[in-house]
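In: no sequence on this one, just coordinates:
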């Protein structure tokens, strides 16, 4: 039996008047901006570092004179060729981006830049829940919120 055809004036799978399928962030969470310029990565590399088994976190508080918005949280991702070929590096960066989207809006501080650096043989294989716990812990240590 063939499925009924949708009328031409509405998308397949949606009922009239229903909300579109979009992702909405919860209120009270910080929006993340992505670092793209080399000088931003270099400034973060010369600041604080926190190491975990799955990645390295570099973080720095931005000066008030910098052009970026004062209350923005900026995050960058990098994986060297030590991580592997392009496929392995891209997989590791995808995991780091997902990690940042999950943890940083709740644990990051406005006015800070964060860089997540992938580790060879660890970022792509480490359990994601363990990486979430690692990032939450190192953010607390970094900002002095450790219990």
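Out: Now that the structure is in, tell me what you want to look at. In this text, all values refer to a predicted model and were calculated from it rather than measured experimentally. Numbering: from 1, shown residues only.
In: Residues contacting stretch 62-69, please?
Out: Outside stretch 62-69, the residues within contact range by C-beta atoms under 8 Å, 6 or more residues apart in numbering are 33, 70, 74, 111-113. From N, CA and C alone the C-beta is placed, and that goes for glycine too.
In: Name the nearest residue to the residue most central in space within the chain, sequence neighbours excluded.
Out: For the chain, the residue nearest the mean C-alpha position is residue 100 (2.3 Å; C-alpha atoms, centre = their mean). Nearest residue to residue 100, sequence neighbours excluded (C-beta to C-beta, 6 or more residues apart in numbering): residue 75, at 5.0 Å.
In: so who does that neighbour touch?
Out: Contacts for residue 75 (C-beta under 8 Å, 6+ apart) come out as 32-35, 100, 104, 108, 113-116.
In: Repeat that for residue 43.
Out: 60, 113.
In: Now it, what are its backbone angles?
Out: Dihedral pair for residue 43: phi -60, psi -40, per degrees, to the nearest 10.
In: Then the one 5 residues further on?
Out: When quoted as degrees, to the nearest 10, the phi and psi of residue 48 stand at phi -70, psi 150.
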